[in-house]
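Student: Okay, sequence plus prediction incoming.
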Amino acid sequence: MAEIPKRVILTGASGFIGANLARRLLRDGHELHLLLRPAEARWRLDAIADHVHLHEVALQERERLDAIVRDIDPNWVFHLATYGAYSSQRDVQTIVSTNYNGTVNLVEACLETGFDAFVSAGSSSEYGYKDHAPLESELPEPNSHYAATKAAATLYCRFVANSRQRRLATLRLYSVFGPWEEPTRLLPTLLMCALRGELPPLVSPNIARDYVYIDDAVEAFILAAKTVVDDPGPVFNVGTGAQTTLSELVETVREEFGISAEPQWGSMPDRHWDTDVWVADPTEIRASIGWKPTFELEDALRDFADWLTADPAVRRFYETTRTPPQ
């Protein structure tokens, strides 16, 4: 049976994950409404702009936001708008007003119209530094202003879900990568160098991450919207359950792309958030909504590299863009 198209609100579509989710929702035949700040950079959306309904609004503009949501009357809401995930995004007031206040405003606006599902993008950083793969039930111990506001938004959504018996899920994302990712981040930089037979400057080899390919992350959002579970406000870890050290990642890239250059460890200083343990426990998301990653790391890296080289304009953009997001 064909799926009935939904009226969908998506915030954060100008970002990497949101741009991929937008494309998936369009392929699935849904009516897609994007809520974007007026000044938001939209280079990821140029190719699909004629196929979506675009609404310029800041989530802090409560009256305008309420009016737009009323007009759309959504079935599904995907909330991915965020600020502070990049080291260049440091203004604490903007972090709070976007990640927490913006979430409250959007949820309250959507409660007025009703919805079938509301899915927010959380962050694995809500857990803070752990020496193990944390469960969703563990106490958040945020390691930054950004992480603290994401944890607060998660708690707020759980409170609303349980007090109002409305479906609000939060996905705690681990290290998602793939097409449309910010050019300055590790994987695009590493792959662009690999395509030239080179390696970039590198931090310590023991730094670890749980890498999740973007197609798998997008599927988690879709399943979270489609699948009704007993808990109206579930929190799900979106990760593979296996961490990869930077040393292992670089060696995989060297083998996949035939790179003879040796890594220069420590040629880039470690960042304050780097750690040698960062891995998900995906048991709950698999048991509750049937999600599991389908891409092995090697296949995901090759798929991403193919995307980077398929369009000459995309390749040029990733070769020349080194300005961090604001």
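Tutor: Looks like it arrived, so ask away.

Student: all strands of the stretch 101-250 of the chain, in order?
Tutor: Remark: strands assigned in the stretch 101-250 of the chain by DSSP state E, counting those that start in this stretch are 117-123, 168-173, 175-177, 208-209, 211-213, 235-238, 244-245.

Student: Who are the packing partners of the last one?
Tutor: The criterion is 3 or more Cβ pairs under 8 Å, 6 or more residues apart in numbering; DSSP states H and E, and the helices and strands that strand 244-245 contacts are strand 208-209. Any C-beta I mention is one placed from the backbone N, CA and C, and that applies to glycine too.

Student: Show me where the chain dips below the pLDDT cut-off.
Tutor: 1-2, 273, 322-326 (pLDDT under 70).

Student: 50 instead?
Tutor: Regions of the chain meeting the criterion pLDDT under 50 cover residues 324-326.

Student: Domain-wise, how is it divided?
Tutor: What automatic domain parsing lists as the domains of the chain is 7-174+212-238, 177-209+244-277+296-320.

Student: I'd like to know which of those is closest to residue 285.
Tutor: Closest to residue 285 of the domains of the chain, according to Cβ to Cβ: domain 7-174+212-238, at 3.9 Å.

Student: so of the domains of the chain, which one's packed in deepest?
Tutor: Highest mean neighbour count among these (mean count of other Cβ atoms under 10 Å): domain 7-174+212-238, with a mean of 19.

Student: Compute the first-to-last residue distance for that domain.
Tutor: Its start and end residues considered, domain 7-174+212-238 measures 25 Å (Cα to Cα, to the nearest Å).

Student: do the same with stretch 228-236
Tutor: Start and end residues of stretch 228-236 are separated by 14 Å (Cα to Cα).

Student: and whichever strand or helix holds residue 95, what does it pack onto?
Tutor: Per DSSP states H and E: residue 95 is located in helix 92-96. The contact analysis (3+ Cβ pairs under 8 Å, 6+ apart) places helix 92-96 against helix 145-164.

Student: what sits up against the helix it packs on?
Tutor: Identification of contacts with helix 145-164 by Cβ atoms under 8 Å, 6 or more residues apart in numbering yields 82-85, 89, 92, 95-96, 98-100, 103-104, 107, 111, 118, 120, 122-123, 125-126, 128, 140, 142, 166-170, 172, 231-233, 235.

Student: at 6 Å instead, please
Tutor: Helix 145-164 has contacts (Cβ atoms under 6 Å, 6 or more residues apart in numbering) with 84, 92, 95-96, 99-100, 103, 107, 120, 122-123, 125-126, 140, 142, 168, 170, 232-233.

Student: Next, give phi and psi for the closest residue to residue 206 other than its chain neighbours.
Tutor: Counting by Cβ to Cβ, 6 or more residues apart in numbering, residue 206 lies nearest to residue 276, which is 4.6 Å off, once chain neighbours are set aside. The phi/psi pair for residue 276 (degrees, to the nearest 10) reads phi -100, psi 10.

Student: Residue 276 contacts residue 208, correct?
Tutor: Yes: with contact defined as Cβ atoms under 6 Å, residue 276 reaches residue 208; the gap is 5.2 Å.

Student: Please enumerate the helices of the stretch 51-200 of the chain.
Tutor: With helices called from DSSP state H, counting those that start in this stretch, the stretch 51-200 of the chain shows them at 62-72, 92-96, 102-113, 145-164, 186-194.

Student: actually the stretch 201-326 of the chain, not the one I typed
Tutor: For the stretch 201-326 of the chain, the helices defined by DSSP H, counting those that start in this stretch cover 214-226, 246-257, 283-289, 297-310, 312-320.

Student: Just list what the fourth one packs against, helices and strands only.
Tutor: Just to be clear, that refers to helix 297-310. helix 312-320 (3 or more Cβ pairs under 6 Å, 6 or more residues apart in numbering; DSSP states H and E).

Student: Ok, the last one next?
Tutor: Packing partners of helix 312-320 (3+ Cβ pairs under 6 Å, 6+ apart): helix 186-194, helix 297-310.

Student: what about dumping the CA coordinates of the last one to CSV?
Tutor: Think helix 297-310. These are the backbone C-alpha positions of helix 297-310, laid out as CSV (Å, rounded to 0.1, in the frame of the first residue of the first chain):
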residue,chain,number,x,y,z
LEU,A,297,32.4,2.4,7.1
GLU,A,298,34.3,1.5,3.9
ASP,A,299,31.2,1.5,1.8
ALA,A,300,30.1,4.8,3.3
LEU,A,301,33.5,6.5,2.6
ARG,A,302,33.4,5.3,-1.0
ASP,A,303,29.8,6.5,-1.5
PHE,A,304,30.7,9.9,-0.1
ALA,A,305,33.8,10.1,-2.3
ASP,A,306,31.7,9.2,-5.3
TRP,A,307,29.3,12.0,-4.5
LEU,A,308,32.1,14.5,-4.0
THR,A,309,33.4,13.8,-7.5
ALA,A,310,30.2,13.2,-9.5
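
Student: Show me what that helix is in contact with.
Tutor: Residues outside helix 297-310 that contact it (Cβ under 6 Å, 6+ apart): 178, 179, 191, 213, 256, 315, 318.

Student: Cheers, nothing more for now.
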